[in-house]
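Asks: Quick check, what structure comes out for this input:
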Amino acid sequence: MTGRLKLIAMDDEDLPILSAYCQDAVLRVSDISFLPKERRFVLAMNRFVWEQVEPGKRTNYRRCRSILHFERVEQVRSRSLNRKDPDLVLELLAITFTPRQAPAGTIELAFSGGATLQLDVECVEAQLTDMAAMWETVSRPVHRDIS
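Replies: As a prediction, the model looks like this:
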């Protein structure tokens, strides 16, 4: 797969797929924007291209500059995130959804180190778009087995 990825999530069943493609993306605090007038939340990130990794094979790992945005965002909260440090690097681990009164709910972005962002949304409406050519990276994210 060499093309640019473009995925849309329109409900809580689509969100885990989006989360899988965003797992291990890295970004800086300065790459996070909330545009309250547009009710849009945006992350610019360097996405690890998991879809090109073949299990059991050492391949040339890649990253790609990508934009993840959420629409219909009513409020944004953070926990354990120093938003005053624009150069702080974050690693996105997962995106989950907790329903309130359907279709509204809270989308949570979990980062390594325990930091989280919670987006109160009218409904799930998100899009992931690869913006630039991929580049090679020597390392692959590693996850400890916590079972």
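Asks: quick one: the residue nearest the centre of the chain from Arg100, how far?
Replies: For the chain, the residue nearest the mean C-alpha position is Cys22 (4.6 Å; Cα atoms, centre = their mean). Distance of Cys22 to Arg100, given as Cβ to Cβ, to the nearest Å: 23 Å. Just so you know, the C-beta spots here come from the backbone N, C-alpha and C atoms, and that holds for glycine as well.
Asks: go on, Met10?
Replies: Distance from Met10 to Arg100, by Cβ to Cβ: 17 Å.
Asks: Show me which of these two is the more surrounded one.
Replies: Higher neighbour count among Met10 and Arg100: Met10, with 13 against 10, using other Cβ atoms under 10 Å.
Asks: Quick one: residues contacting that one.
Replies: Val124, Glu125 (Cβ atoms under 8 Å, 6 or more residues apart in numbering).
Asks: Please tell me how far it sits from Cys123.
Replies: Counting by Cβ to Cβ, the gap from Met10 to Cys123 is 8 Å.
Asks: now swap in Phe34 and tell me
Replies: From Phe34 across to Cys123, the span is 17 Å (Cβ to Cβ).
Asks: same check, this time on Pro103
Replies: Distance from Pro103 to Cys123, by Cβ to Cβ: 4 Å.
Asks: Mutual contacts of those two, please.
Replies: With Cβ under 8 Å, 6+ apart as the test, Pro103 and Cys123 both reach Asp11.
Asks: Looking at these two, which one has more neighbours?
Replies: Using other Cβ under 10 Å, the more surrounded residue of Pro103 and Cys123 is Pro103, with 16 against 13.
Asks: So the more buried one: helix, strand or coil?
Replies: coil (DSSP: H, G, I helix; E, B strand; the rest coil).
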